[in-house]
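# my questions concern the predicted model and sequence given below.
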2 protein chains.
Amino acid sequence: MTLLPSPQQLRYLIALAESRHFGRAAQACSVTQSTLSAGLLALERQLDTSILDRDAGRHVVFTPLGLELVERARTALSALEAVSEAVLAAREPMGGPLRMGVIPTIGPFLLPRLMPALRRAFPRLKLYLREDTTANLAARLNANRLDLLLLAVPCECPGAEAMPVARDAFVVALPPDHRLAGEEQISPAALSTERLLLLEDGHCLRDQALAVCGLLAGDGTGEQDGFAATSLHTLVQMVANGLGITLLPRLAVAAGIVEGTGLVLRPLAGAGAWRTLGLVWRQNAPRASDYRALGAHLVDTCREALQ
Amino acid sequence: MTLLPSPQQLRYLIALAESRHFGRAAQACSVTQSTLSAGLLALERQLDTSILDRDAGRHVVFTPLGLELVERARTALSALEAVSEAVLAAREPMGGPLRMGVIPTIGPFLLPRLMPALRRAFPRLKLYLREDTTANLAARLNANRLDLLLLAVPCECPGAEAMPVARDAFVVALPPDHRLAGEEQISPAALSTERLLLLEDGHCLRDQALAVCGLLAGDGTGEQDGFAATSLHTLVQMVANGLGITLLPRLAVAAGIVEGTGLVLRPLAGAGAWRTLGLVWRQNAPRASDYRALGAHLVDTCREALQ
DNA sequence: ACTGTTCGATCGATAAAACCGATGACCTTG
DNA sequence: CAAGGTCATCGGTTTTATCGATCGAACAGT
């Protein structure tokens, strides 16, 4: 039987990959630098390969194989942690810490409603939140630094399981004096010729809104003077200032994002366009059944939030 | 940070689950019984849970949670082994041992051609073979006791990646004095009223043949007097004895399975039915690129084997 | 009921390893 | 060239894994 790397060695490896600094990596692992150094040397000796390029000056440089090993170490360590966590999950369903990631176009509008409902339904749940873009959240989910994502599905996330929870329609928001403000509803085709304001690149809502207008995402598509908003709230302010029009998710509208701005809201003509909100977690996550139960509650909360 | 189970402890757990006997499990791990016993007790203590039901007489009985932990331990250990194996795979592409499973309706007809070709292309490859049904092979793939499967895809195998390599058409085989033997080609509908002989339950070819005839798989479907064949060779002998007709994969026919039997072969009318041969391996398998290269060779071999 | 056997748990001793603190060698920077 | 920072190495200590021997309970055959 081949000699296996120890979990500790893998921790050292991952910590070093994240900080690229022996001392800080050691600190993250709560050991001394000498211990971490020796542990990594032992790992290289056991695997009979070189993980670090030690001829590369004083910077920590990984060999190509070393980088692959880091990735595999991550999944291996996640699998090990899943063993421990399965015990906790079985002992106390819907208890303990849950690290959830949420995108900025959902969080501020849904969480204020969701949190009280969850606290009522699952009093023992400790929910840690992180707001970030889909790509960053997905990376953290894979690195086992988040347990659950609340975002627009489908999303590129290999090895993950998704559960759709709600359909969130897009609504056109315009200044009251806009020439389209008199229309009952607005056709998607009409949008593509307007000055369409969008969130900056990286927000999935941006790409979805562009898709609704029949435009392809790309550098600066749909931007006015190269200017894009950093949040839906600033986006609304820009529209209120007459800089253009935009698409808002019904979820944000229902949460009152346009209140006091005087903006006019109009539905999209036709079958309408929407995004699908959903939960995403790692396959084989020990608490997957918890996540599904949470998703069931989320379905209710979304129905209420979307009136 | 939570205390993680050690790889050794997981090995003990898995070995015990497989043998349900402390002494033999210890032997499988090359340790003494006392070591394994202490290791498992330490694991239960660390996880603060009970894995074994020790009030259940002298038999080894796992708790429900214990069984789940065994499953998770398997995946965790596989992930750990993947780290080590990635090193070997990088050091020597297409070298070292490869444990391949193959179904009985492919192996005897393709391997005689495949093996010499592989030996020529990859001289350093050490290929271990196991012939079994799809279900058993899939179980062994998941348990990390096989690396690669050669079978009919798609197959139920979660967490696996598949690569189709060839299309293998079905051919009707009949006795020369059969009333359908005079036809140029035979329609699938005509088959369903014939005395159709098939492999016994568990062979995927059986279900595929039934599907071709528009029949659903079920208890005894398509059996004559409750009698089913255990291999394609015996099946051919039964047809030659006038007990009925059957469907054979072109692969077996091309390998000469009906030679000397006097059986008549007729194509199926219409678009024709076929099975897809393919390779399957675990996602994240360190040698996945090797498997794809092997699959590319397999495409050639199959083309030749199917003439 | 008695008895020998089998099986898993426990104990004491020993060898291996993980870890720490201090130190050394080397590179980089001012 | 000197100073600071960074990783590797070394000696000593603590912890852990393992073994061999033994114990006690459950079971089977008489």
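Ah, there it is. Remember, predicted model here, so these are calculated numbers, not experimental data.
# helix, strand, or coil at A:V165?
Following DSSP: H, G, I helix; E, B strand; the rest coil, A:V165 is assigned to strand.
# test my guess that it contacts A:R275.
No - look at A:V165 against A:R275 with CB atoms under 8 Å: they stay out of range, at 11.7 Å. (C-beta placed from N, C-alpha, C; glycine too.)
# wait, A:H203 sits on A:T133?
Yes - under the criterion of CB under 8 Å, A:H203 makes contact with A:T133 at 6.3 Å.
# need the overlap of contacts for the two.
Common contacts of A:H203 and A:T133 (CB atoms under 8 Å, 6 or more residues apart in numbering or on different chains): A:103-104.
# so between those two, which is more surrounded?
More crowded of A:H203 and A:T133, by other CB atoms under 10 Å in any protein chain shown: A:H203, with 23 against 19.
# OK, contacts around the more buried one?
If you count contacts by CB under 8 Å, 6+ apart, A:H203 has them with A:103-105, A:133.
# excluding chain neighbours, what is closest to A:R287?
Spatial nearest neighbour of A:R287, excluding adjacent residues (CB to CB, 6 or more residues apart in numbering or on different chains): A:A89 at 4.6 Å.
# go through the one helix or strand the one you found maps to and flag the buried ones.
Assigned by DSSP states H and E, A:A89 belongs to helix A:64-91. For helix A:64-91, burial by neighbour count (16 or more other CB atoms under 10 Å in any protein chain shown) applies to A:65-66, A:68-90.
# next helix or strand past that helix?
Using DSSP H and E, the helix or strand that follows helix A:64-91 in sequence is strand A:96-102.
# strand partners of that following strand, parallel vs antiparallel please.
Partners of strand A:96-102 in the sheet, by DSSP bridges, are strand A:125-131 (parallel), strand A:148-153 (parallel).
# returning to what we had before: and which of the contacts of A:H203 is nearest DNA strand C?
Set against DNA strand C, the nearest of the contacts of A:H203 by CB to the nearest atom of the strand is A:T133 (32.8 Å).
# can you pull the contacts of that closest one?
Residues in contact with A:T133 (CB under 8 Å, 6+ apart) are A:103-104, A:202-204.
# between these, which is nearest DNA strand D?
Nearest to DNA strand D out of the contacts of A:T133 is A:G202 (CB to the nearest atom of the strand; 31.3 Å).
# surely the closest one is in a strand?
No - going by three-state DSSP, the assignment for A:G202 is coil, not a strand.
# which one is it nearest to, not counting chain neighbours?
A:T133 is the one closest to A:G202 (CB to CB, 6+ apart), at 4.8 Å.
# mind pulling up the pLDDT for that neighbour?
pLDDT for A:T133: 95.
# gap between it and A:R275?
Separation of A:T133 from A:R275 (CB to CB, to the nearest Å): 15 Å.
# could you do A:R91 as well?
According to CB to CB, A:R91 stands 37 Å off from A:R275.
# least trustworthy helix or strand in chain A by mean pLDDT?
Each helix and strand of chain A was given a mean pLDDT (mean pLDDT, DSSP states H and E); the minimum falls on helix A:188-191 at a mean of 79.
# residue of chain A closest to DNA strand D, please.
A:S34 (2.9 Å).
# and that residue, that one's in a strand?
No - secondary structure of A:S34 (three-state DSSP): helix, not part of a strand.
# could you count how many residues lie near it?
By other CB under 10 Å, the residues close to A:S34 number 10.
# show the contacting residues for it.
Applying CB under 8 Å, 6+ apart to A:S34 gives no contacts.
# ends of stretch A:148-157, what's the gap?
Distance between the boundary residues of stretch A:148-157 (CA to CA, to the nearest Å) amounts to 12 Å.
# buried set for that stretch?
For stretch A:148-157, by 16+ other CB under 10 Å, it's A:148-153, A:155, A:157.
# make TSV from these and add distance to DNA strand D and pLDDT to it.
Formatted as TSV, the buried residues of stretch A:148-157 follow (distance: CB to the nearest atom of the strand, whole Å; pLDDT from 0 to 100):
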residue	distance to DNA strand D	pLDDT
A:L148	32	97
A:L149	33	97
A:L150	37	97
A:L151	36	96
A:A152	40	95
A:V153	40	88
A:C155	35	89
A:C157	32	87
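# any idea which of those residues is closest to DNA strand C?
Closest approach to DNA strand C among the buried residues of stretch A:148-157 (CB to the nearest atom of the strand): A:L148, at 30.3 Å.
# thought the closest one was touching A:G278?
No - counting by CB under 8 Å, A:G278 is not a contact partner of A:L148; they are 10.9 Å apart.
# ranges for the strands of chain A?
Residue ranges of the strands in chain A, as given by DSSP state E, are A:96-102, A:125-131, A:148-153, A:160-174, A:246-249, A:264-267, A:274-282.
# any chance of those in TSV, plus distance to A:L110?
Below are those laid out as TSV (distance: least, CB to CB, whole Å):
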stretch	distance to A:L110
strand A:96-102	8
strand A:125-131	11
strand A:148-153	8
strand A:160-174	9
strand A:246-249	10
strand A:264-267	19
strand A:274-282	8
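# looking at those strands, which is closest to B:P175?
Nearest to B:P175, of all those, is strand A:160-174, at 52.0 Å by CB to CB.
# coming back round to it: among the contacts of A:T133, show me the least confident.
Here the lowest pLDDT out of the contacts of A:T133 sits on A:G202, with 86.
# could you check how far that one is from A:V153?
Using CB to CB, we find A:G202 at a distance of 17 Å from A:V153.
# equivalent analysis for A:P188, please.
Separation of A:P188 from A:V153 (CB to CB) stands at 22 Å.
# kindly report the same for A:A240.
Applying CB to CB, the value for A:A240 to A:V153 is 31 Å.
# which residues are contacting stretch A:265-276?
With CB under 8 Å, 6+ apart as the criterion, stretch A:265-276 contacts A:152-154, A:164, A:166-174, A:180-181, A:183-188, A:204-205, A:208, A:211-212, A:248-249, A:253, A:258.
# quick check: mean pLDDT of it?
84.
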